[in-house]
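J.: sequence-free structure coming up:
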């Protein structure tokens, strides 16, 4: 036997071991095997979006993944768990699944991966049973079903919660387990979406808004070469064709075999309410796909701006006002009346009415003295009063009776919402805001037929946008197009101010319809 040859082979194995120990993606792509539903036992050659997931896991302590159906993410979690147990000593990896069958199935995948490894990557097994795999590195993988008391026994270096949106009592479990991992542990939460208002949805939304420590990971089915054509995977399509599968037909076939709402949730990863959304599913899908993240913020992140005011365009501003005391939100939209683009959006539940009025005045002046339409229900009158009397804004919108603002009633509410639906469906208005699009996903038709926000959600952005669309359509119907777009050298005559017939004294509050307490008036006048 050639000793030098053996030495060289051992050196190569040692170098390979070191490379695997520092690069989980390399280890998984080169040595992990999995069972594919069509191709059987195959090497787990990671796709680019799967490599990105692993990179995010390596770079962040807390990760939450929003995944589409059959993305291979549970398999990634299983392979990453095995990598951790093999190459790191004295680690405890806990995988929490929604049921016992799911928990044993995940561990069975891990055991298969381990069995298919070459010997130089196998440290040896100390314990092997239905829910536990312990290796000679003294690292252990525990796969457990969820339960009310699960959190009490989930102490670990790495906690993986699979299909978190479907686990009952997950908020209680997380509250119990977080103190255990807060001093250095790591967490990976992954799931397909399952409606709104649950723990997974709330944690994900806070992660997106940078309101917690979680790093949000988003993937799209269009990144999966088995679902959407990718010229770099021609060999894959040859294998699929042999089995009668056509990559170019996958989307159409899948959509045809399931309701639109199911497609949106399982593949588009859309958080939808329990009722039917007011905006039809396919239209809503287009809205969500076409939002823009290219904006800057103003007023301490309360306002987002996609396009600054242009001198040759006309704009309309519509608002829905709240008290600004952590209740409902004050919101307004600025719409370009030439092309229907949403160019700016304000959204806050901590802005008092006088501050809100000042911001509206500033933005109205900035956007070419844009007409401002305010709903005048209850406290909307106070906002109008501030704009008219305190700031002397010269272009407040008035109805056909000459009353400033828009009085929303049960009857005209249906009308302006119908106008909004038509405007979105026909692309009369272009929504850039992800926040507005998100509200549309929870704006539903209830069993009684009423159109409203899902419980524990808001419709302030929707109602202000509906007012904007209503005003926009009225101006389009009554104004020559020359008014809508003009050269920068032309002067824009201001709309004449109309008599203010709905004045509310902000001190006495004598208007009966207001129903505002003395404490709330003090807040209004802050």
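T.: Received it, and whenever you're ready, just let me know what you need. What you are looking at is a predicted structure, and each value in this text was computed from that prediction instead of being measured. Numbering: from 1, shown residues only.
J.: any residues touching stretch 243-252, and which ones?
T.: Applying Cβ atoms under 8 Å, 6 or more residues apart in numbering, the contact partners of stretch 243-252 are 38, 225, 226, 227, 228, 229, 237, 240. From N, CA and C alone the C-beta is placed, and that goes for glycine too.
J.: Run through the neighbouring helices and strands of the stretch of helix or strand residue 475 belongs to.
T.: Following DSSP states H and E, one finds residue 475 within helix 460-478. When contacts are defined as 3 or more Cβ pairs under 8 Å, 6 or more residues apart in numbering; DSSP states H and E, helix 460-478 sits against strand 315-320, strand 330-336, strand 342-348, strand 372-374, helix 410-425, helix 434-441, helix 481-484.
J.: so what does the second one touch, helix or strand wise?
T.: Strand 330-336 sits against strand 315-320, strand 342-348, helix 353-366, helix 460-478, with contacts defined as 3+ Cβ pairs under 8 Å, 6+ apart.
J.: Would you tell me which of the ones you listed gets closest to residue 296?
T.: Closest approach to residue 296 among these (Cβ to Cβ): strand 342-348, 10.1 Å.
J.: Isn't residue 99 up against residue 144?
T.: No - with contact defined as Cβ atoms under 8 Å, residue 99 does not reach residue 144; the gap is 10.4 Å.
J.: about what we covered before: a markdown table for the helices and strands packed on helix 460-478, including mean pLDDT and mean neighbour count?
T.: Below are the helices and strands packed on helix 460-478 laid out as a markdown table (pLDDT from 0 to 100; neighbours: other Cβ atoms under 10 Å):
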| stretch | mean pLDDT | mean neighbour count |
| --- | --- | --- |
| strand 315-320 | 95 | 27 |
| strand 330-336 | 95 | 27 |
| strand 342-348 | 96 | 23 |
| strand 372-374 | 94 | 27 |
| helix 410-425 | 91 | 16 |
| helix 434-441 | 90 | 21 |
| helix 481-484 | 47 | 13 |
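J.: Would you map the helices across the stretch 51-200 of the chain?
T.: Using DSSP state H, counting those that start in this stretch, the helices of the stretch 51-200 of the chain run over 73-87, 100-115, 170-181, 199-208.
J.: Deepest-packed of the ones you listed, please.
T.: Highest mean neighbour count of the helices of the stretch 51-200 of the chain: helix 73-87, a mean of 24 (counted as mean count of other Cβ atoms under 10 Å).
J.: Mind pulling the model confidence for residue 201?
T.: Residue 201 carries a pLDDT value of 88.
J.: Surely it is in contact with residue 269?
T.: No - between residue 201 and residue 269 there is no contact under Cβ under 8 Å: 11.3 Å.
J.: give me every residue that touches residue 375.
T.: Contact analysis of residue 375 by Cβ under 8 Å, 6+ apart lists 319, 320, 321, 405, 406, 407, 408, 463, 467.
J.: Out of those residues, which is nearest to residue 73?
T.: Distances from residue 73 to the contacts of residue 375, taken as Cβ to Cβ, are shortest for residue 463 (37.3 Å).
J.: wait, what's in contact with the closest one?
T.: Residues near residue 463 by Cβ under 8 Å, 6+ apart: 320, 331, 375, 408.
J.: Greatest separation within those: which pair is it?
T.: Largest separation among those by Cβ to Cβ: 331 and 408, giving 14.0 Å.
J.: Format the contacts of stretch 243-252 as CSV; extra columns: distance to residue 455 and neighbour count.
T.: Below are the contacts of stretch 243-252 laid out as CSV (distance: Cβ to Cβ, whole Å; neighbours: other Cβ atoms under 10 Å):
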residue, distance to residue 455, neighbour count
38, 42, 10
225, 40, 19
226, 38, 19
227, 34, 19
228, 36, 14
229, 41, 14
237, 46, 18
240, 44, 18
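J.: Not counting sequence-adjacent ones, nearest residue to residue 83?
T.: In space, and not counting its chain neighbours, residue 83 is closest to residue 24: 4.5 Å by Cβ to Cβ, 6 or more residues apart in numbering.
J.: wait, doesn't that neighbour sit right on residue 55?
T.: No - using Cβ under 8 Å, residue 24 makes no contact with residue 55, being 9.3 Å away.
J.: When those two are compared, which one has more neighbours?
T.: Each of residue 24 and residue 55 has its neighbours counted (other Cβ atoms under 10 Å); residue 24 has more, 23 against 13.
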